[in-house]
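Novice: let's see this in three dimensions:
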Amino acid sequence: MRLNLSVLIPTLNNARGLKHLLEFFKDKEIQVVVVDNKPSKERNSYITILLNCYKERLIYLPQKKNLGFAIAVNHAFKYVNTKWTLILNDDIEFPNDQLINQLYKYAENKKIDALSPILINPNGEVENYGYKIFPYGKISLVKELTSLRVNELDGLTAACLLVKTSVFKRLEGFDESFFAYLEDVDFFLRFKKTGYKMAISKNIKVLHNHMTTSKTMGNFKARQDMINWWRLYFKFRNRFKFDIVFVVERFRNFSGFVKATFSNFFST
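Specialist: Sure thing, here's the model as predicted:
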């Protein structure tokens with residue numbers, strides 16, 4: 001079955017993960033758009049070879065500087081004209097060739113607007129089934145759905161997210177002020193407010209080699225978390241409660257940033 005689907009892969013320094021995904025999609029009739037935030041001669045040579053294999057199905061967009069995740073995804077969407085778009089971190093791995101078809105069929109049959117498979121960590125544990133947002137500015141990853149319905153979730157992670165292209169564009173994509181991290185939280189707050197429907201495909205699992213890029217970047221994630229929670233607060237004040245618990249949580253963000261900064265300083 002030919003899928004009305006495009007795949008978007010923002011990448012920075014995870015060469016192994018990107019190569020794995022490009023090899024995986026090489027023999028599939030699916031358009032792949034790669035936004036490379038840190039191109040190299042080696043990667044350019046590899047991509048050049050693949051361009052012949054993909055036969056115009058691969059669009060490679062090397063950048064002069066790191067755009068961040070949100071801008072990279074939005075930029076890639078300019079090249080998408082298919083009904084569905086699969087946003088992928090470059091640290092995702094598909095155990096078999098049938099999972100893309102299964103995700104696609106599930107989304108079509110259930111008539112939903114955004115879908116995520118179950119993300120599995122390398123140790124075999126479920127990473128999450130989505131998340132809940134607390135009013136004091138913290139996310140709780142949902143590890144099981146036994147007592148929680150999908151429509152009670154506040155959002156899905158964007159590591160492996162199948163979304164209707166028209167919906168993503170109608171919501172104007174990711175907020176580009178979120179350079180990286182929590183852009184999916186912002187997106188799904190807007191997504192749910194508009195009344196769109198999301199789901200988790202409980203029988204479809206993919207491997208997520210979590211933090212493959214972030215763990216090489218020192219205090220970067222801690223800094224982004226510290227800044228982006230304030231962005232979320234000022235943008236969605238009705239979802240948060242500014243009280244002592246909120247202040248304590250923001251102090252924890254700041255403390256995490258300081259700790260990561262000193263840890264990185266003494267390890268170099």
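Novice: would you map the strands across the stretch 1-150 of the chain?
Specialist: 5-11, 31-36, 58-62, 84-88, 92-93, 114-120, 126-128, 131-134, 138-141 (DSSP state E, counting those that start in this stretch).
Novice: closest to Ala158 out of those strands?
Specialist: strand 84-88 (5.5 Å; CB to CB). Placement of C-beta: from N, CA and C, glycine included.
Novice: how is the protein carved up into domains?
Specialist: The chain breaks down by automatic domain parsing into domains covering 5-211, 220-267.
Novice: in CSV, list those domains along with mean pLDDT.
Specialist: Formatted as CSV, the domains of the chain follow (pLDDT from 0 to 100):
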stretch, mean pLDDT
domain 5-211, 92
domain 220-267, 89
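Novice: including mean neighbour count, could these go into JSON lines?
Specialist: Formatted as JSON lines, the domains of the chain follow (neighbours: other CB atoms under 10 Å):
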{"stretch": "domain 5-211", "mean neighbour count": "17"}
{"stretch": "domain 220-267", "mean neighbour count": "15"}
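Novice: rewinding a little: Serialize the strands of the stretch 1-150 of the chain to CSV and add fields for distance to Lys192.
Specialist: Formatted as CSV, the strands of the stretch 1-150 of the chain follow (distance: least, CB to CB, whole Å):
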stretch, distance to Lys192
strand 5-11, 22
strand 31-36, 26
strand 58-62, 30
strand 84-88, 18
strand 92-93, 24
strand 114-120, 10
strand 126-128, 17
strand 131-134, 10
strand 138-141, 15
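Novice: so which of these gets nearest Phe178?
Specialist: strand 5-11 (13.1 Å).
Novice: contacts for the closest one?
Specialist: For strand 5-11, contacts defined as CB atoms under 8 Å, 6 or more residues apart in numbering pick out 17-18, 21, 25, 30-38, 69, 72-73, 76-77, 79-90, 100, 104, 165.
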